[in-house]
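Asker: Sequence plus the predicted model coming up.
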2 protein chains.
Amino acid sequence: MENAVLITIGDEILSGNTVDTNSNFIATELKNIGIKVSKIFTISDEIETIKETLQSAFELGDLIITTGGLGPTRDDKTKKALAEFFHDEIALDEVTFNHLKALMEKRGRLEILERNKEQAFVPTKSVVFQNHNGTAPCTMMEQEGKLCFSLPGVPYEVKPLIRNQIIPYLKEKFNLNYIHTRIVSVVGIPESVLADTIEEWELALPENVALSYLPIGTRVKLRITATGRDEMVLKNQVENEIQKLFPLIGKNIIATSEDRIEKILAEILAERNLTISTAESCTGGELAKMLTSNSGSSKYYVGGMVAYATEKKIEILKVPEKIIKEYTVVSEQVAQEMAKGCQKLFNTNISLSTTGVAGPGKGEDGKEVGTVFYTIRIDDKEYTSKLYLPHLDRIDFIYFVSQKIIQDLVGILISE
Amino acid sequence: MENAVLITIGDEILSGNTVDTNSNFIATELKNIGIKVSKIFTISDEIETIKETLQSAFELGDLIITTGGLGPTRDDKTKKALAEFFHDEIALDEVTFNHLKALMEKRGRLEILERNKEQAFVPTKSVVFQNHNGTAPCTMMEQEGKLCFSLPGVPYEVKPLIRNQIIPYLKEKFNLNYIHTRIVSVVGIPESVLADTIEEWELALPENVALSYLPIGTRVKLRITATGRDEMVLKNQVENEIQKLFPLIGKNIIATSEDRIEKILAEILAERNLTISTAESCTGGELAKMLTSNSGSSKYYVGGMVAYATEKKIEILKVPEKIIKEYTVVSEQVAQEMAKGCQKLFNTNISLSTTGVAGPGKGEDGKEVGTVFYTIRIDDKEYTSKLYLPHLDRIDFIYFVSQKIIQDLVGILISE
């Protein structure tokens, strides 16, 4: 059990209506128990296509996980394809039907509709994993020692099924190779220069250790993955390799375990007992969202303002009106005043502010789309920067700017 | 040119480190010019795997688009695989090299590193589409009338390449079938009941019109897609079918063109000249982010507060301390007071507030994880609701709650 293949079924993904987040979640969970996803097929909800893809998947992997195509509506054909593929039939499963009835009752839907009853029909040879958050059960078929799990497509049904049922099942059933992964976050060095700088180190990595580069905004994440039988050996091995990076690029490394920049920041803030607040214009709440995305964020995040309208920057953040008149609302000076007002309003050690034009429409003062000024204020020191990113669309602009600000803050805090 | 296959190359997706947003973007753009994505392969960065997948893709589709695996680092092998697959060689392309030099110069990186120069090496038979936002060019190979585009993997490089270069190229080169899609958003009716209610309508759809169900939170999106030669005919046809839905489920339909709930709301607000503000606790900025995600949102979104710390709810939103003491901070009464204070602070027609426990840690007043109270305040009317969603993890909880609130607001506004 080393090699998994994921099959994402349904036109939602292929038509561009939905981003596939399930694969990401499943791949991460499998990686943690040492199973590698070698391929993902995203296919349409057609019986022949599903059967053909199952065939390919069984040739490639020991574990197949399908998501999607199990809903109560006419366009879901996975169950039928599964039964045909495994030369099985679909029949009512009493245990599943009782589970379904109990679930519907809890939701106050007492009459079981014919369509919902259909959800309790499963391939007769399958093992059922009950779904506590939806009406479609998860089924597992076994063939020549290989397993095929079929899950519904709704992410909040997929997550608990994977985490609470399938992963523990796999862990118990198989004695798996262990995979240990660490991410080293590097800033202030372009990917190509970085690659040259650590080339010798990379070429000297042990055979069971792999390296990948993942550029994200102006940061490069180095993913170091070791595979083997002994967890402790792997941990030491990877730690060892990371230590060798420090003489080469130590000043560019901002983290060696955590991956997400907001989590890296969270740990620094919690460790140093620092509080933070935000005053956002063009980022529209993204900074607040990032800072509150970690559990326990109320320990350091006090609050934030989204001061979209200019007059609210004046009224609530106390940006002097004459500063706005003199320098326009998208300016270094206004970013600084916003951070100052924010720090005072929320009484925090650190405050972050943004003012810019996310586009695609021009800002009210005619500043060019893609321009942003941001200030990081720590006690009475302030750091103001400008970015000009006309090539990014609105959503990417907001994301890039927010990532960069938090990354800059981390950089300042660790070099202090 | 009807059928496209996407190939996503690189371990970032397979390992669960990155969510694949490129496929979603590309599928949407292709759909708009009548090209359907029939399959997506997500594969690792290995020459043999890439070549095998190219083979399968050429059997399935007329258009192949690969993303990823073109960076300047050692783990990117796509270019080599492409050259081998097409029995071609890689050579320095002078035009691409000059473009690269100009790009590096603009970025202030005057010395061209050897690794960056490698980026200007392309398969000799390929047509190059220059990348204005990164160092890896996009190449196109043609084989028996089928096209294969290879793009880098960074989303903000992919988007302009697809939108500004590849789509116009395909549009000009081929005389394509047109696809027209509309999304009907339905609320207040479970998917299975909905399916029963519109079954006859669905079975009577013309052969060139397809229906899909897409449940999202407590909303169901019906996607209606028509394919054919004449754009106007398709538009009328779909409009016609949508009109037939109204006698069946009219009171449950909240929108028939826009897809995203925040965009549906945006149109209503803009049309009625209404302003809105937000006061968030457990949603941590997500509501603000959603409301500002549309261009032009400054017309209706005035501003928001993320009042994470209880004392800031008192100080800034003027929630009376005794209300918090009497009912605890996660309560109907506090949600109402937050909305009231927010409406006043920002002087808007509408205000939204949230107070709850996103988890996984318990709230300070011991309220159970997954509990949230929210208030929608419109002028002097207020609507307060409670949700209890213990099965959702932190990120999904925040997303679900924010979607639900905006959906409720849309429901209230259109039924007024």
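Answerer: Done, it's in. Model, not experiment: these values are computed from the prediction.
Asker: how about the residues of the stretch 151-300 of chain A near chain B?
Answerer: Residues of the stretch 151-300 of chain A lying close to chain B by CB under 8 Å from any CB of the partner chain are A:154-156, A:159-160, A:181, A:183, A:190-193, A:195-196, A:199, A:202, A:211-215, A:221, A:223, A:225, A:259, A:278, A:280, A:284-289, A:291-293, A:295-298. The C-beta positions use only the backbone N, C-alpha and C, and glycine is treated the same way.
Asker: Residue A:167 touches residue A:33, doesn't it?
Answerer: Yes: using CB atoms under 8 Å, residue A:167 is in contact with residue A:33, at 6.1 Å.
Asker: Just name the shakiest helix or strand of chain A by mean pLDDT.
Answerer: Lowest mean confidence among the helices and strands of chain A (mean pLDDT, DSSP states H and E): helix A:114-118, at a mean of 78.
Asker: From the chain's centroid, how far away is whatever helix or strand comes next after that one?
Answerer: Sequence order places strand A:121-123 as the next helix or strand after helix A:114-118, per DSSP states H and E. Mean-position distance between strand A:121-123 and its chain equals 33 Å (CA atoms, centre = their mean, to the nearest Å).
Asker: show me where pLDDT drops low in chain A?
Answerer: Low-confidence segments of chain A (pLDDT under 70): A:1, A:73-75, A:109-110, A:362-366.
Asker: Outline the domain layout of it.
Answerer: Domain ranges of chain A: A:3-173, A:178-255, A:261-415, per the TED database.
Asker: Burial-wise, tell me which of those comes out on top.
Answerer: domain A:261-415 (a mean of 21; mean count of other CB atoms under 10 Å in any protein chain shown).
Asker: Ends of that one, what's the gap?
Answerer: 16 Å (CA to CA, to the nearest Å).
Asker: again, but for stretch A:65-83
Answerer: With CA to CA as the measure, stretch A:65-83 spans 15 Å from end to end.
Asker: Run the chain-centre distance for it.
Answerer: Chain-centre distance of stretch A:65-83: 26 Å, with CA atoms, centre = their mean.
Asker: Quickly check: the host helix or strand of residue A:354 near chain B or not.
Answerer: Element membership of residue A:354 [criterion: DSSP H and E] is strand A:350-356. No: against chain B, strand A:350-356 shows no contacts by CB under 8 Å from any CB, the least distance being 11.6 Å.
Asker: Send me that strand as CSV with only the CA atoms.
Answerer: Only the C-alpha atoms of strand A:350-356 are listed here, as CSV (Å, rounded to 0.1, in the frame of the first residue of the first chain):
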residue,chain,number,x,y,z
ILE,A,350,1.7,45.7,15.9
SER,A,351,-0.6,47.1,13.3
LEU,A,352,-0.8,46.6,9.5
SER,A,353,-2.4,48.8,7.0
THR,A,354,-3.2,48.7,3.3
THR,A,355,-4.4,51.4,0.8
GLY,A,356,-4.4,50.7,-2.9
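Asker: Distance check, residue A:279 against residue B:205.
Answerer: 51 Å (CB to CB, to the nearest Å).
Asker: Same question for residue A:277.
Answerer: As judged by CB to CB, residue A:277 and residue B:205 stand 53 Å apart.
Asker: go on, residue A:128?
Answerer: Taken as CB to CB, the span from residue A:128 to residue B:205 is 34 Å.
Asker: just residue A:21 next, same as before
Answerer: 30 Å.
Asker: what's in contact with stretch A:260-277?
Answerer: Stretch A:260-277 is contacted by residues A:185, A:219, A:254-255, A:258, A:290-291, A:293-294, A:296-297, A:299-304, A:342-343, A:345-352, A:403, A:406-407, A:409-410, A:413-414 when judged by CB atoms under 8 Å, 6 or more residues apart in numbering or on different chains.
Asker: so how far is it off the chain centroid?
Answerer: In this view, stretch A:260-277 has its centroid 19 Å away from the chain centroid, taken as CA atoms, centre = their mean.
Asker: And stretch A:164-183, by the same measure?
Answerer: 20 Å.
Asker: mind exporting it as CSV, just the C-alpha atoms?
Answerer: Extracted in CSV, the C-alpha atoms of stretch A:164-183 (Å, rounded to 0.1, in the frame of the first residue of the first chain):
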residue,chain,number,x,y,z
ASN,A,164,-12.0,9.7,11.0
GLN,A,165,-12.7,6.6,9.1
ILE,A,166,-10.6,5.8,6.1
ILE,A,167,-7.2,6.9,7.4
PRO,A,168,-7.6,5.0,10.7
TYR,A,169,-8.8,2.0,8.7
LEU,A,170,-5.7,2.1,6.4
LYS,A,171,-3.4,2.6,9.3
GLU,A,172,-4.6,-0.4,11.0
LYS,A,173,-4.8,-2.7,8.0
PHE,A,174,-1.4,-2.0,6.6
ASN,A,175,2.1,-1.7,7.9
LEU,A,176,3.1,1.3,5.9
ASN,A,177,6.3,3.0,4.9
TYR,A,178,6.7,6.3,6.7
ILE,A,179,7.1,9.6,4.9
HIS,A,180,8.4,12.6,6.7
THR,A,181,8.1,16.1,5.1
ARG,A,182,9.4,19.4,6.2
ILE,A,183,9.0,22.8,4.4
